[in-house]
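*Asks:* coordinates for the following, if possible.
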Amino acid sequence: MNNTIPDNQQLTHELDKARLRISYLEKLCANDILSHAVEQSPCSIVITNTKGIIEYVNPKFTQITGYDIDEVLGQNPRILKSGEKNPEDYSQLWQTISSGKEWRGEFHNRKKNGELYWEFASISPITDASGTITHFIAIKEDITHRKELEEKLREADRHRVLAETAHAAAHEIYQPLTVIIGLSQLITTTLSDNPSLCSDLELILQSACKIKQIVQNMNSANHYATRPYANGENIIDFQKAV
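*Replies:* Numbers count the residues shown, from 1 in each chain. I've put the predicted structure just below:
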């Protein structure tokens, strides 16, 4: 019998959630135009009280994070933390907004399903008529795709530098190598009566020709690697090239 009666702690928790839900609906009805703008915003919007407890999130927040509204009301935004940001950074954030200033920066957060995503956030205090801070509002843009493109560009730039270095090295090697091959061929023809020496020269010539082929492959790789990149399709594996 007693098992069917919720204890006081559970009942208080459910009442708090109900009050937050009512408050949530009241905020939506308070200003129809404003609420529609916030509800339809392409940015994720979160409003917390001065203790950092979530009192409102818009549909974009639930779409990005995978959390339902009832799952985050009454929670702290730390439920999104991936653990990558230093505690000092969060401390600095809190000091900034608590002093009445705006904070801007990036978060690498975690969705409900565990997937990581990037967002750029602007967090500001909300004040009443007397200037007292009553809430904080965070307006956040999902920048995951932009971050991925930036990483691809950095990777492409690294390969471009590698290609340019390989081209310069190949140029420095190619000219003296041509001289070695030419002289080896000349000496071999003039020493045809010395089979032992000719055999040694032939080994030198074979090795030089192999190096020449490697240099030509490096130049070929450089030709493709310095062309415009498209989704990384022209990235060259120099180990395969040689």
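
*Asks:* contacts, neighbours, all on C-alpha from now
*Replies:* OK.

*Asks:* starting at the chain centroid, how far to the longest helix belonging to the chain?
*Replies:* Longest helix in the chain by number of residues (criterion: DSSP state H): helix 144-190. Relative to the chain's own centre, helix 144-190 is displaced by 30 Å; criterion: CA atoms, centre = their mean, to the nearest Å.

*Asks:* show me what it is packed against.
*Replies:* Applying 3 or more CA pairs under 8 Å, 6 or more residues apart in numbering; DSSP states H and E, we find helix 144-190 packed against strand 116-127, helix 195-225.

*Asks:* and the angle for that helix with strand 116-127?
*Replies:* Note on geometry: by axes from the mean of the first three to the mean of the last three CA atoms, to 10 degrees, helix 144-190 and strand 116-127 are set 140 degrees apart in direction.

*Asks:* angle of helix 144-190 against helix 195-225?
*Replies:* Here helix 144-190 runs at an angle of 160 degrees relative to helix 195-225 (the same axes, to 10 degrees).

*Asks:* tell me the mean pLDDT over helix 144-190?
*Replies:* Helix 144-190 comes out with an average pLDDT of 78.

*Asks:* can you check stretch 116-133 too?
*Replies:* Summarised as a single mean, pLDDT over stretch 116-133 is 95.

*Asks:* then it to CSV, C-alphas only?
*Replies:* Presented in CSV, the C-alpha positions along stretch 116-133 are these (Å, rounded to 0.1, in the frame of the first residue of the first chain):
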residue,chain,number,x,y,z
LEU,A,116,29.7,15.7,-30.1
TYR,A,117,28.9,19.0,-31.8
TRP,A,118,30.3,22.5,-31.9
GLU,A,119,28.3,25.7,-31.2
PHE,A,120,29.1,29.3,-30.9
ALA,A,121,27.3,31.0,-28.0
SER,A,122,26.5,34.5,-26.8
ILE,A,123,25.4,34.5,-23.2
SER,A,124,24.0,37.7,-21.6
PRO,A,125,22.3,38.7,-18.4
ILE,A,126,18.6,39.7,-18.4
THR,A,127,17.8,42.6,-15.9
ASP,A,128,14.6,44.0,-14.5
ALA,A,129,13.6,47.6,-14.3
SER,A,130,15.9,48.3,-11.4
GLY,A,131,18.9,46.7,-13.2
THR,A,132,19.0,43.6,-11.1
ILE,A,133,19.9,40.4,-13.0
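
*Asks:* which parts of that stretch are buried?
*Replies:* Neighbour-count burial for stretch 116-133 flags Leu116, Tyr117, Trp118, Glu119, Phe120, Ala121, Ser122, Ile123, Ser124, Pro125, Ile126, Ile133 (criterion: 16 or more other CA atoms under 10 Å).
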